[in-house]
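>>> here's my sequence, what's the structure:
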Amino acid sequence: MNHFLDIHKTDPADLRGIIDQAGAMKAARNGRPRGAADDEQPLAGRMVALIFEKPSTRTRVSFDVGVRQMGGETMVLSGQDMQLGHGETIADTARVLSRYVDLIMIRTFDESVLEEMAEFASVPVINGLTDRTHPCQIMADVMTYEEHRGPIAGRKVTWCGDGNNVCASFLHAAAQFGFDLTFTGPMQLDPEPEFLGLARKAGRNIVIERDAKKAVEGADLVVTDTWVSMHDSQSSKERRHNMLRPYQVNAELMAHARPDALFMHCLPAHREEEATSEVMDGPHSVVFDEAENRLHAQKAIMRWCLGV
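Got it, this is the predicted structure:
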């Protein structure tokens, strides 16, 4: 049984196999209607529980559609439906769900909820996002980069802004896929030292550079994410905007990257905040390819988890 909890907890060969299968499944769908089933139905007769303590658009739709395309069925459960950890332990919920479903995807706040779910479930568990990491997104990002520019190994990625959960998974990916990463953002929002150390221990060149223009010099890929969370207070949002304004990805900043550099954002975006519309809709941007590839990457992750 394979859980998909974090990129650094998954063998590099398995990660490469997932990316390759995602590409093959995407290619096989060329010319098909969006809702059409795949020729292969590896999830026929399977039930997948999709648990959302945090609301979602891309994660919910991409997992739901992916399961259906592969012949399976989904049960979507919100935090209100389940009240995870309130009245019943996570461990008991995991044991019960494992009697009903074949696979569990959970999008939650606290990483400990994910870890406890995986520890006590007798079916595979997928990390759909926690406050610390977002591995499914970065698998789609690696897939997207390689579709456009070939192998990501040896490339330079520059992350601009907040060293958040998506940035953390990019650092894990740097270690596993063999690329370098430069973080540029305010000191208060640096990535966790543990994640920086993991990538450096793997021999990757991991740099913190406060000057955004210097940080993107020679970058093959420039990435950012939203500056604020839906849970932030108004005063917190204002403080974060003030700190992060020098790290906005705009045309002037992108001009310092390589001429063929790509731009990514996992969406949803607050346009004219972390990135300008000129960049998001410009020639460097692959944000909508990136969003589509969540579907294909997650289908391959589910197949790897189930061994089908």
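
>>> what is the neighbour count of residue 101?
Other residues lying near residue 101 total 19 when counted by other CB atoms under 10 Å. C-beta coordinates here come from the backbone N, C-alpha and C atoms, glycine included.

>>> how about residue 11?
Residues within reach of residue 11, counting by other CB under 10 Å, total 10.

>>> for residue 28, see how far away residue 237 is.
Separation of residue 237 from residue 28 (CB to CB, to the nearest Å): 43 Å.

>>> and residue 276, by the same measure?
Residue 276 is 36 Å from residue 28, by CB to CB.

>>> neighbour count for those two, which is higher?
Between residue 276 and residue 28, residue 276 has the larger neighbour count (other CB under 10 Å), namely 18 against 13.

>>> please name the nearest non-neighbouring residue to the more buried one.
Leaving out its chain neighbours, the residue that sits closest to residue 276 by CB to CB, 6 or more residues apart in numbering is residue 250, at 4.6 Å.

>>> would you map the helices across this structure?
12-28, 58-69, 79-82, 90-98, 111-120, 135-149, 165-177, 193-201, 212-216, 234-244, 251-254, 277-280, 287-306 (DSSP state H).

>>> what is the third one packed up against?
Okay, so that is helix 79-82. Helices and strands touching helix 79-82, by 3 or more CB pairs under 8 Å, 6 or more residues apart in numbering; DSSP states H and E, are strand 47-52.

>>> and the strand it packs on with helix 90-98, angle?
150 degrees (axes from the mean of the first three to the mean of the last three CA atoms, to 10 degrees).

>>> each with direction, which strands does strand 47-52 pair with?
Paired neighbours of strand 47-52 in the sheet (DSSP bridges): strand 73-78 (parallel), strand 103-107 (parallel).

>>> now the first one against helix 58-69, angle please.
Counting by the same axes, to 10 degrees, strand 73-78 points 160 degrees away from the direction of helix 58-69.

>>> could I get the helices of the chain as JSON lines with distance to residue 156 and mean pLDDT?
Shown next, in JSON lines, are those (distance: least, CB to CB, whole Å; pLDDT from 0 to 100):
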{"stretch": "helix 12-28", "distance to residue 156": "19", "mean pLDDT": "98"}
{"stretch": "helix 58-69", "distance to residue 156": "26", "mean pLDDT": "97"}
{"stretch": "helix 79-82", "distance to residue 156": "39", "mean pLDDT": "75"}
{"stretch": "helix 90-98", "distance to residue 156": "40", "mean pLDDT": "95"}
{"stretch": "helix 111-120", "distance to residue 156": "29", "mean pLDDT": "97"}
{"stretch": "helix 135-149", "distance to residue 156": "12", "mean pLDDT": "98"}
{"stretch": "helix 165-177", "distance to residue 156": "10", "mean pLDDT": "98"}
{"stretch": "helix 193-201", "distance to residue 156": "13", "mean pLDDT": "98"}
{"stretch": "helix 212-216", "distance to residue 156": "9", "mean pLDDT": "98"}
{"stretch": "helix 234-244", "distance to residue 156": "22", "mean pLDDT": "87"}
{"stretch": "helix 251-254", "distance to residue 156": "14", "mean pLDDT": "98"}
{"stretch": "helix 277-280", "distance to residue 156": "18", "mean pLDDT": "98"}
{"stretch": "helix 287-306", "distance to residue 156": "18", "mean pLDDT": "98"}
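
>>> relative to residue 228, which of the ones you listed is closest?
With CB to CB, the closest approach to residue 228 among the helices of the chain belongs to helix 234-244: 4.7 Å.

>>> just the CA trace of that closest one, in CSV.
Provided in CSV are the C-alpha atoms of helix 234-244 (Å, rounded to 0.1, in the frame of the first residue of the first chain):
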residue,chain,number,x,y,z
GLN,A,234,-7.8,42.6,7.4
SER,A,235,-5.0,44.0,9.5
SER,A,236,-2.9,40.9,8.8
LYS,A,237,-3.6,41.2,5.0
GLU,A,238,-2.4,44.8,5.1
ARG,A,239,0.8,43.9,6.9
ARG,A,240,1.5,41.1,4.4
HIS,A,241,0.9,43.3,1.4
ASN,A,242,3.3,45.9,2.8
MET,A,243,6.0,43.2,3.3
LEU,A,244,5.4,41.4,0.0
